[in-house]
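Engineer: quick one, what's the 3D model for this:
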Amino acid sequence: MEVAESRAGAMAAMRAAEEEAARRAANDEAEQKAATVEATTQREAAERRVAVLTGTRASEQERVNTLTQDALLLEREIEEARARRVELETRMERLATDRQVADQEA
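Structural biologist: Next up, the predicted model:
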């Protein structure tokens, strides 16, 4: 009888150990799944941040390009305005000379 009880106790202990091992395995699997979900969530968030930063950089580069083009156009307009000013000053000098000649002839 002691042998049977001892055997039953050993079997119970073995079943308890198996159940504990199964419980630990299930917990480990659940923890692994949770860690995988967390890592995936963090990776997706990082990918979104990269996409936003990349988009921001692209739009900033477009703005820089636009401002550079605007600056080049303004420089061209300034040069044209300077050339017109020189032409007008030359015309004014000619007119002043013509007036002096006309005044002297009169």
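
Engineer: which stretches of the chain have low pLDDT?
Structural biologist: Under the criterion pLDDT under 70, the flagged ranges of the chain are 1, 3-4.

Engineer: which residues in it form helices?
Structural biologist: Applying DSSP state H to the chain gives helices spanning 2-105.

Engineer: tell me, what residue is most central in this structure?
Structural biologist: For the chain, the residue sitting closest to the mean C-alpha position, by CA atoms, centre = their mean, is L53 at 0.8 Å.

Engineer: could you measure from it over to E47?
Structural biologist: If you measure L53 against E47 using CB to CB, to the nearest Å, the figure is 11 Å. All C-beta atoms are positioned from the backbone trio N, CA, C, and that covers glycine.

Engineer: repeat that for Q32.
Structural biologist: Using CB to CB, one obtains 22 Å as the distance from Q32 to E47.
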